[in-house]
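Engineer: what's the 3D shape of this:
(4 chains)
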2 protein chains.
Amino acid sequence: MRADARENRARVLTVARELFAERGLEVPMAAIARRAGVGIATLYRRFPTKESLVMEAFAEQFAVCQGVIDDALRDPDPWRGLCTVIEKVCLLQAADRGFTAAFTASFPELHSEVRDRTWEHFAALVRRAKDSGQLRADFSPHDLTLVLMANSGLSGVPVEVATAASRRLVAYLLESFRSGTDVLPPPVPLSLDLVLS
Amino acid sequence: MRADARENRARVLTVARELFAERGLEVPMAAIARRAGVGIATLYRRFPTKESLVMEAFAEQFAVCQGVIDDALRDPDPWRGLCTVIEKVCLLQAADRGFTAAFTASFPELHSEVRDRTWEHFAALVRRAKDSGQLRADFSPHDLTLVLMANSGLSGVPVEVATAASRRLVAYLLESFRSGTDVLPPPVPLSLDLVLS
DNA sequence: CCTCAAGCGGACGGGGGTCTCCACTTAGCA
DNA sequence: TGCTAAGTGGAGACCCCCGTCCGCTTGAGG
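Structural biologist: From the prediction side, this is the model:
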């Protein structure tokens, strides 16, 4: 690949990440091309479809996401691990307006093996946190999805506001997860497949 | 207005409410017209713009919303009033996929007098609930907006799932609002104007 | 420096959305 | 029953988006 082409490709990716974060995935390809200083055709030669651009732009964040859960599982304090997972992923989500959409869009592509493993890891974390007595017994692993969906509702405001709001929301929820005594409505198995239909 | 015309208009409104609830505001005008059994032109004669159709379709729900807060203020138990407000409005939101979008879209139109009054009513409710010792002192009236935005993140799944999820989310949050002892991140003044920019 | 394949940009096709125009139909009154 | 204004439906103008095609440009090796 020629030097100028490589540079153009990199600039497109950077710009795409910025715009997706600012304005969500609905930003037109033409806007990305314009801001990157290239023609539309150039953009489409490097990324044959909008989806492929989105995937590449968010690949890094997905890896981070994955790592967060694995790190948390290694934390000797399961409650702290759980809090960290929720806090970090929610902040990622709040700071990037396109994150949720990219994640749900990429969900079917993710090899089911990987996602099942991640889910089991999280379930194990929940179990250990309950056993240590720091997490309420009626917490369900599906509540992670509940939190993520709720947190996604904060996107759409400027990033600084969204992150501040996310922090407060998560603080409220975590407090309830720890010390809860009320009777809750039953957990809802919020499979992401539901969002996609 | 001719009898058949009046009936057509009513049918359009009914169908619009159904489709907006099911599929959100992005449902095309053509789909509404088709399902109502009228031509597109008929639809546009009664509602000169899509926005006007949305406003009329949701006017009823806005009134309900208004009433919910006023009722709550008359409740002798301010904590129960607060819970009722949050629960009812969140359920309205979860049951109708277009509700949030319609609300934020109509927000600038709402006479500022009305919305200021409603906001003051809610703030008064919060104050009374704090005075009665049932609501944590660091709760902010802006947290209502926080809850509504979070709850709006649950739209997009089938209605029954969304309502169940909403109930559980609200239960978690209310528990935290009542019994909270943790230090929270500062409240975020989530003006709805932010969502519109 | 010359060559040429790799790279480039913008015009364009196709699809889907909102809203308009206009020739036809029909309710409802005398 | 006949008249007419109110009502109707669908074609199409206009716009925005994704993705393609094609003639021009340019980096870089010999």
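Engineer: residue ranges with poor pLDDT in chain A?
Structural biologist: A:192, A:194-197 (pLDDT under 70).
Engineer: make it 80
Structural biologist: A:110, A:179, A:191-197 (pLDDT under 80).
Engineer: could you pull out the helices for it?
Structural biologist: Counting by DSSP state H, chain A has these helices, from start to end: A:3-23, A:29-36, A:40-46, A:50-74, A:78-95, A:99-106, A:112-131, A:142-152, A:159-179, A:192-196.
Engineer: check whether the third one contacts DNA strand C.
Structural biologist: Yes: judged by CB under 7 Å from any atom of the strand, helix A:40-46 and DNA strand C are in contact via A:I40, A:A41, A:T42, A:R45. Bear in mind the C-beta positions are built from the backbone N, C-alpha and C, glycine included.
Engineer: between those, which is nearest DNA strand D?
Structural biologist: A:A41 (3.5 Å; CB to the nearest atom of the strand).
Engineer: gap between that closest one and B:D77?
Structural biologist: Separation of A:A41 from B:D77 (CB to CB, to the nearest Å) stands at 66 Å.
Engineer: looking at these two, which one has more neighbours?
Structural biologist: B:D77 (14 against 8; other CB atoms under 10 Å in any protein chain shown).
Engineer: what sits against that one?
Structural biologist: B:S132 (CB atoms under 8 Å, 6 or more residues apart in numbering or on different chains).
Engineer: returning to what we had before: between the residues of helix A:40-46 next to DNA strand C, which sits nearest DNA strand C?
Structural biologist: Looking across the residues of helix A:40-46 next to DNA strand C and measuring by CB to the nearest atom of the strand, the closest to DNA strand C is A:A41, at 2.6 Å.
Engineer: quick one: that closest one from B:D75, how far?
Structural biologist: Following CB to CB, the distance that separates A:A41 from B:D75 is 64 Å.
Engineer: same check on A:D116?
Structural biologist: Taking CB to CB, one finds A:D116 at 47 Å from B:D75.
Engineer: what about those two, which has more around it?
Structural biologist: B:D75 (16 against 11).
Engineer: could you report the neighbour count for the residue nearest to that one when sequence neighbours are not counted?
Structural biologist: If the residues on either side of it in the chain are set aside, B:D75 comes closest to B:G81, at 3.7 Å by CB to CB, 6 or more residues apart in numbering or on different chains. Around B:G81 there are 21 other residues, counting by other CB under 10 Å.
Engineer: shouldn't B:G81 be in contact with B:D70?
Structural biologist: No: in this structure, B:G81 is not within contact of B:D70 by CB atoms under 8 Å, at 10.2 Å.
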